[in-house]
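Colleague: next one to model:
(2 chains)
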Number of protein chains: 2
Amino acid sequence: MPWQPPLDDIAFLLGPWLRARDDWKRIPRFAALDLDTAEAVLAEAGRFCAEVLAPLNAVGDLQGCRLVDGCVRTPDGFAQAYRRYVADGWPALARDPEWGGQGLPALLELAFTEMQVGANHAWTMYPGLLAGAVACLQAHASPDVQARFLPPLVGGEWLATMCLTEPQAGSDLSLLRTRAVPAADGSVRITGAKVFISGGGQDLTPNIVHLVLARLPDAPPGTRGISLFVVPDMLEDGSRNGVFVDGLEHKMGLHGSATTALRFEGAVGWRVGEAHRGLPAMFVMMNAARLHAAMQGVAHAARASELAHAYAHQRRQMRAEPRMEPEQPADPIAAHPPIRHLLRCLRGWSEQMRAAGYWLGHLIDLHEHAPDADERRRAGMLVELLTPVAKAHFTECGHLLANRALQAFGGYGYVREYGIEQVVRDSRIAMIYEGSNEIQALDLLQRKLLADDGARLTVFADECERVAAKAEGAGLAAAAGVLRRLCRRLSAAFERVRAAAASDASAPARVADTFLRATGQLLLACACVRTAAVASGDTGAGADACERAERALWMLGELRLEFNAQLARLRATS
Amino acid sequence: MPWQPPLDDIAFLLGPWLRARDDWKRIPRFAALDLDTAEAVLAEAGRFCAEVLAPLNAVGDLQGCRLVDGCVRTPDGFAQAYRRYVADGWPALARDPEWGGQGLPALLELAFTEMQVGANHAWTMYPGLLAGAVACLQAHASPDVQARFLPPLVGGEWLATMCLTEPQAGSDLSLLRTRAVPAADGSVRITGAKVFISGGGQDLTPNIVHLVLARLPDAPPGTRGISLFVVPDMLEDGSRNGVFVDGLEHKMGLHGSATTALRFEGAVGWRVGEAHRGLPAMFVMMNAARLHAAMQGVAHAARASELAHAYAHQRRQMRAEPRMEPEQPADPIAAHPPIRHLLRCLRGWSEQMRAAGYWLGHLIDLHEHAPDADERRRAGMLVELLTPVAKAHFTECGHLLANRALQAFGGYGYVREYGIEQVVRDSRIAMIYEGSNEIQALDLLQRKLLADDGARLTVFADECERVAAKAEGAGLAAAAGVLRRLCRRLSAAFERVRAAAASDASAPARVADTFLRATGQLLLACACVRTAAVASGDTGAGADACERAERALWMLGELRLEFNAQLARLRATS
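Modeller: Have a look, this model is predicted:
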């Protein structure tokens, strides 16, 4: 079952769902962009994914990466695909025109990310950190460092890595030990060991730019003593820097993506941003990576959905009630209730996670470029609130749905040829990296909700109310009622958590995972109701829109069950 | 973290929990068996698993099997381990003394199975079907066939496979095409293709005995035209039979276990049981395999629990509230609420699934050997009802818990060295084979509940009531009340399903998965309450027993939440 770009969904979401063009018109940078052009760009991006990346997915898993004389050998075809990616100009898609970018919306890049991951997650890991690295350098590096590193990164001639984790410091960066010693010329010498570095030592580009967290000699202990540095593999004089690949991880999945242990030995680097303020600078990169991880969850669910649909409609076993194909010796398993339910879940979640993800992408564009300051502020609050939610909830849903989809294949699901077991293995990591889902849950409750006394939650509730009102206007009073009820119940649950936190400092950590799931379900419920309202309001759109609305309303019922179960758990544990 | 046998649990379960000795005394075959001997046998079995099987687990996964000139090469060490297993007499443990077996209870064999799987699931696949094959031949084969095949199978000199599935016939055996043509001497010639055959062509034993489903020339279509045959790889005259290994599957996990495609070309075989009545005969083998699959779920959860506990207590990241190790730079992650909750779930589910599994094993012994006919009948009803429940629910819990446990390891969970990702991959298949979990759910609702109008459910409800009364007697009125309420609600839910089924033939299939999960949760709730009652009633047992009771009561609360969520879903979909 070859991977195919979700062009119908793209058209529906950019068009009637987001009405992105209405917003682009108001933004100078995007004013000339019309829907046809945006769709054409994504169709072309989809073709690249389908024709260049997808054929390398299974073979990349089978071959994996090898470490030869301290250099990583990526699977056959990966380097050629990357050269094509650069030659076609894809890295610069949403980068700033000031630095040679094409200046298209982040929304389009996010949609492209989902497609790349759906076609070949492992390959996508290599350019996956470019956008974040560029954003980080643009925001924090000195003009000198920017001039040296930004142009090749924007064009994709060089690639970037994010070097945070050390063997003893994963979720807890305060335990970082890597040292940066200032040199006379204003540069530093970096020494230390970093692990789980995606794309370290790869053979796709002639240079690799590492963004490295380390401590200066006068650094205070803890996270307030961490600075950020940029460290290239190759120095300007053509000599190799002191960066060495010490090992290559053997992983459950993503075999085509090189996960390396890097050793820095007096490597030459330059500080990015203020001394001891490396974490906030790195967070620019992390936040971009988190939303991209959320889209990985979407991609995995969507790919699992496609694979399971195709298999379940051609595999015939036993009779269904009523019979679907009486002339055949048995009915397609898609006709059997448990498989039918599974397929509906897969399709529903894929569609609505994608819708919510696009919405977040569009909010990023509004946050950065909307002409009105209040609009920018509110969009920013939503992005801050919903990024950890989407990262954790969508990656969890993506993996768990892929795992459920495997079941539809029976024994064939467990073997390589059918592709689904690779989706299960590849998708598992997204729940861990870019801040584990447990870290996202703490971030949501502590930093995004308790820290502002729920102000961001109120903005999100306003958004839900807007969608509910729209649904009511489209004759969907029941769906509007469900959304309002879920929203009220989540707000009330937050108030209970806030009260508990006032007298018991450990209370938030006890309920954080549950609270995040409930928030994720509310986000998806909001997407469902908006989809139903848009699709059923789109009177000229015909049967497709009707079915889309029906699917969304069916899923709303499923979400309500799940939400209720989470709230019961929240009540029991808080 | 080396695998260790769960000797404490074994002592608790055989002793105060099951009071197995009281029952053994009443059964002539087991009358001489005391608890010390039983525990000593299992301790020795555990030593075999720890010393011989466990060291081959990771290397077997890494090497996998190879197909060389039509023969399977198992990983290094697998054959030696198997020779040791046979030399030590383990295959005969619970076999009939009449055929050279040691005549020990099925309960002990089931406990041994769990340990083997925990130590090395892939290896365990090879002898995994011996017990079922022997039971099937004892029950259905002619004296002639028995005399030829039983002795080497009982002793484990030969191994067996179960050849049901064909490319077009998985869950739906009515679509079987393999043919059996009678020969003049009373034997048959078998021709056809079988897939997903565990242990086909292995290099552990000089002969392999295949139990093959096929159609005789005069067979009616559908499942009523299927007969069972025994087909050895090697014939008595030393010549090779027409059985060929056509392929070896590349799987997500269980790499050390050979999953083969077999081709039968005029292979000589002999009928087992009546013509066209092969399925009921094969079901003897299948039922044994299903309970063993349930114990695989237990083993995976228990192994995941051990690995996660060990890691979470040595890995230090961030401060917990309150601090656990103030003198260290950070606290063990076991102190953080999400990980603490995960560890409690892992331990709780492992313990209670093991308890419930042992109970089923003991019920098999009572069903087969209890002196009282009514006791045998009631034990049989419970085994029939609860085998599909345990198979599906425990394998699902085992896999999902292992998958959750991986999260505790952060990035290290995704790499090979820590072992947990192998548990996730290996455990996935148990939800599919021996009848997929969806098939178990249909079996439960259609054949075990609707077919006898809930008589078996009533016997189980009586059992729950007995446990509740015991708990009440031990001062655990609240726990008793929870168990009674869950039991009443499940019975009421069954009545609703029954009413719906009367007017809508597709109703049971729609709710079967949900109903099975709820029944599984009730089974575990019953185990929790029994554990709490036994452990808290055991006044001389000290702190260990107290903690065991506390863990069981805590888990009962978790189960109640999950049960309520399933019942809400049941109500919404029926």
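
Colleague: can I see the domain layout of chain A?
Modeller: Listed domain ranges for chain A are A:7-137, A:140-277, A:438-574 (source: automatic domain parsing).

Colleague: can I get the ones you listed in a markdown table with mean pLDDT and distance to A:A299?
Modeller: (Glycine included, C-beta is placed from N, CA and C.) Shown next, in a markdown table, are those (pLDDT from 0 to 100; distance: least, Cβ to Cβ, whole Å):
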| stretch | mean pLDDT | distance to A:A299 |
| --- | --- | --- |
| domain A:7-137 | 97 | 4 |
| domain A:140-277 | 97 | 13 |
| domain A:438-574 | 95 | 16 |
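
Colleague: make a markdown table from those and add mean neighbour count to it.
Modeller: Listed next are those as a markdown table, based on neighbours: other Cβ atoms under 10 Å in any protein chain shown:
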| stretch | mean neighbour count |
| --- | --- |
| domain A:7-137 | 19 |
| domain A:140-277 | 20 |
| domain A:438-574 | 20 |
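
Colleague: got the ones you listed as JSON lines, with distance to chain B columns?
Modeller: JSON lines is the format used below for those (distance: least, Cβ to the nearest Cβ, whole Å):
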{"stretch": "domain A:7-137", "distance to chain B": "8"}
{"stretch": "domain A:140-277", "distance to chain B": "4"}
{"stretch": "domain A:438-574", "distance to chain B": "4"}
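
Colleague: out of those domains, which is closest to B:N57?
Modeller: domain A:140-277 (15.4 Å; Cβ to Cβ).

Colleague: gap between the two ends of that closest one?
Modeller: Using Cα to Cα, to the nearest Å, the end-to-end distance of domain A:140-277 comes to 10 Å.

Colleague: count the neighbours of the closest residue to chain B within the stretch 351-500 of chain A for me.
Modeller: Closest to chain B within the stretch 351-500 of chain A is A:E421: 4.0 Å, counting by Cβ to the nearest Cβ. Residues lying near A:E421 (other Cβ atoms under 10 Å in any protein chain shown) number 26.

Colleague: measure it to B:G435 for me?
Modeller: 20 Å (Cβ to Cβ, to the nearest Å).

Colleague: check A:V59 too.
Modeller: Counting by Cβ to Cβ - A:V59 and B:G435 are separated by 34 Å.

Colleague: same thing with A:A549?
Modeller: Taking Cβ to Cβ, one finds A:A549 at 38 Å from B:G435.

Colleague: and for A:V243?
Modeller: 54 Å.

Colleague: tell me which helix or strand comes right after the top strand by length along chain A.
Modeller: Scanning chain A for the strand with the most residues, using DSSP state E, yields strand A:259-272. Note on strand A:259-272: by DSSP states H and E, the next helix or strand toward the C-terminus is helix A:278-314.

Colleague: that older thread, mind checking which of the domains of chain A is nearest B:T223?
Modeller: Comparing the domains of chain A by Cβ to Cβ, domain A:438-574 comes nearest, at 34.5 Å.

Colleague: for the stretch 301-450 of chain A, which segments are assigned as helices?
Modeller: A:337-369, A:373-408, A:420-428, A:437-442 (DSSP state H, counting those that start in this stretch).

Colleague: show me what the helix or strand that the shortest one is followed by is packed against.
Modeller: So that's helix A:437-442. Using DSSP H and E, the helix or strand that follows helix A:437-442 towards the C-terminus is helix A:455-473. The contact analysis (3 or more Cβ pairs under 8 Å, 6 or more residues apart in numbering or on different chains; DSSP states H and E) places helix A:455-473 against helix A:373-408, helix A:477-503, helix A:507-537.

Colleague: noted, bye for now.
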